[in-house]
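Q: Sequence plus the predicted model coming up.
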Amino acid sequence: MLDHVVVSGSRFLLSILIARALGLEDFGIYSLLWTIVTLAAAMQVPVIITPLMQIGPRVVHQRQAEFFATALFVQLGYSVVVIPFVTISAAVIVWGRPDAVATIFAVNAYVLVFNQYEYFRRYFFADGRRVTAFILDAILYALLLAIVLGFLNLGGMTIATYLAMSLVPAFVSCALALRLYKYRSTRRSIHSAQARRIWRISSMLIVSTLAGFVSGHVFVYSSALFLGTEEVGGIAAARNMMGPLAVLMMALENSMTRESVLLYRDSEASLMAYIRQTRIKWVIVFATYAGLAALFAEDLLNLSYGERFGQFYSLIYWMGVASIPQVLSRIQAVKLRTVGNMKAIRDANISGMFIACASAPILIYLFGLNGAGLSIVIVTSSIMVIQFLKDHQLEWLNICK
């Protein structure tokens with residue numbers, strides 16, 4: 001939790017500084033570019049992060065260094081594969097701007113370096129060195145905030161310059177992490193066997209993760225198409241005001257994954273009791289935060305981002321409502337992963353993607369920003385319902401058998 005507070009809290013402060021430096025229009029373009037960064041990071045999770053977190057803690061001590069060497073090779077391979085996608089996507093968004101080429105290079109460099117750093121920090125968690133991960137995160141974001149604040153005093157910050165100067169602390173943190181990395185190369189057959197273990201987990205999650213990303217972002221692209229980049233900037237600001245919920249959700253999912261794998265994997269009754277207790281506690285937490293955020297929505301946006309952003313306060317209401325089915329589906333997804341029912345997660349995310357693609361453009365075209373908010377609620381609710389139905393469907397089949 002403390003680590004997530006440092007990482008996401010720093011990103012929240014950075015988003016405010018960037019928005020004030022760029023203005024509403026350019027912050028909208030930056031937010032569209034950020035969806036590329038987010039997708040590259042999101043696809044890294046099924047390809048390497050989830051296998052790393054699930055396999056790493058359970059590999060016998062004598063084989064851990066070999067497994068982490070294989071995982072690092074997979075990570076480097078992913079970094080190469082993602083370059084064409086990032087380049088083409090960034091070009092579509094910024095082509096025609098005077099600094100288009102510089103921005104495309106900066107986005108690619110940012111994705112490569114920060115994805116590598118994200119791999120290292122997750123490795124330290126998988127290896128049980130949580131304090132090391134926390135210290136590296138604190139160093140990275142302290143340096144990053146210091147550089148941005150210093151640059152803001154000079155003025156003239158652009159999207160490309162922000163992304164470029166972010167690389168300095170990221171390189172420092174990666175260099176420190178590499179010195180502490182535990183790996184040992186071995187026979188090719190051993191690496192191949194470890195790579196197959198990674199692939200068995202990642203292959204089931206790749207399509208599901210991509211579908212989940214589309215479900216959560218199609219309303220952003222539809223807003224850019226029908227409403228404009230200023231509205232995208234407003235959506236991004238409203239989303240960032242719900243940042244503490246995202247911090248809580250990530251901390252919840254990571255801690256639940258670790259607890260369920262290490263403590264409850266062999267006892268379904270204990271797992272279900274743990275899930276039920278967690279649902280009650282976290283729904284109360286999320287409902288309380290969402291209610292307070294809605295109560296002070298306009299003031300929060302005005303104070304944080306400026307008066308031009310305050311007009312988008314109604315989106316916070318919608319996002320607060322959507323947070324409840326979202327947290328329930330995240331808790332349910334941990335349970336489904338623990339018992340091995342990956343198909344339920346995949347089916348729910350794919351169904352949510354189709355629902356989002358069908359509803360978001362129409363709702364936004366008809367109702368503007370309220371349509372964007374309604375789309376978020378519909379998609380998060382549908383994913384939650386489908387996950388529960390698919391899970392109980394498997395239970396019913398087992399009872400029948």
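A: Looks like it arrived, so ask away.
Q: Residues contacting stretch 89-102, please?
A: With Cβ atoms under 8 Å, 6 or more residues apart in numbering as the test, stretch 89-102 has contacts from 29, 32-33, 36, 39, 103-104, 107-108, 158-160, 164. Every C-beta, even on glycine, is put in place using the N, C-alpha and C of the backbone.
Q: rerun at 6 Å
A: Leu32, Leu33, Ile36, Thr103, Ile104, Val107, Ala160 (Cβ atoms under 6 Å, 6 or more residues apart in numbering).
Q: Looking at these, which one is closest to Ile235?
A: When these are compared for distance to Ile235 (Cβ to Cβ), Leu32 comes out closest, at 10.3 Å.
Q: and Ser270, how many neighbours?
A: 13 (other Cβ atoms under 10 Å).
Q: Which helix or strand contains it?
A: Following DSSP states H and E, one finds Ser270 within helix 268-295.
Q: Show me what that helix is packed against.
A: helix 314-339 (3 or more Cβ pairs under 6 Å, 6 or more residues apart in numbering; DSSP states H and E).
Q: Just the C-alphas of stretch 88-108, formatted as PDB.
A: Output in PDB follows, covering the C-alpha atoms of stretch 88-108 (Å, rounded to 0.1, in the frame of the first residue of the first chain):
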ATOM      1  CA  ILE A  88       2.400   3.900 -35.400                       C
ATOM      2  CA  SER A  89      -0.100   4.800 -32.600                       C
ATOM      3  CA  ALA A  90       1.800   7.900 -31.600                       C
ATOM      4  CA  ALA A  91       2.100   9.000 -35.200                       C
ATOM      5  CA  VAL A  92      -1.600   8.800 -35.700                       C
ATOM      6  CA  ILE A  93      -2.200  11.100 -32.700                       C
ATOM      7  CA  VAL A  94       0.500  13.800 -33.200                       C
ATOM      8  CA  TRP A  95       1.100  13.800 -37.000                       C
ATOM      9  CA  GLY A  96       1.000  17.300 -38.300                       C
ATOM     10  CA  ARG A  97       2.300  18.900 -35.200                       C
ATOM     11  CA  PRO A  98       5.700  20.700 -35.500                       C
ATOM     12  CA  ASP A  99       7.300  18.500 -32.900                       C
ATOM     13  CA  ALA A 100       5.700  15.200 -34.100                       C
ATOM     14  CA  VAL A 101       8.900  13.300 -34.800                       C
ATOM     15  CA  ALA A 102      10.500  14.300 -31.500                       C
ATOM     16  CA  THR A 103       7.300  13.300 -29.600                       C
ATOM     17  CA  ILE A 104       7.200   9.900 -31.300                       C
ATOM     18  CA  PHE A 105      10.800   9.200 -30.400                       C
ATOM     19  CA  ALA A 106      10.200  10.400 -26.800                       C
ATOM     20  CA  VAL A 107       7.100   8.200 -26.400                       C
ATOM     21  CA  ASN A 108       9.000   5.200 -27.600                       C
END
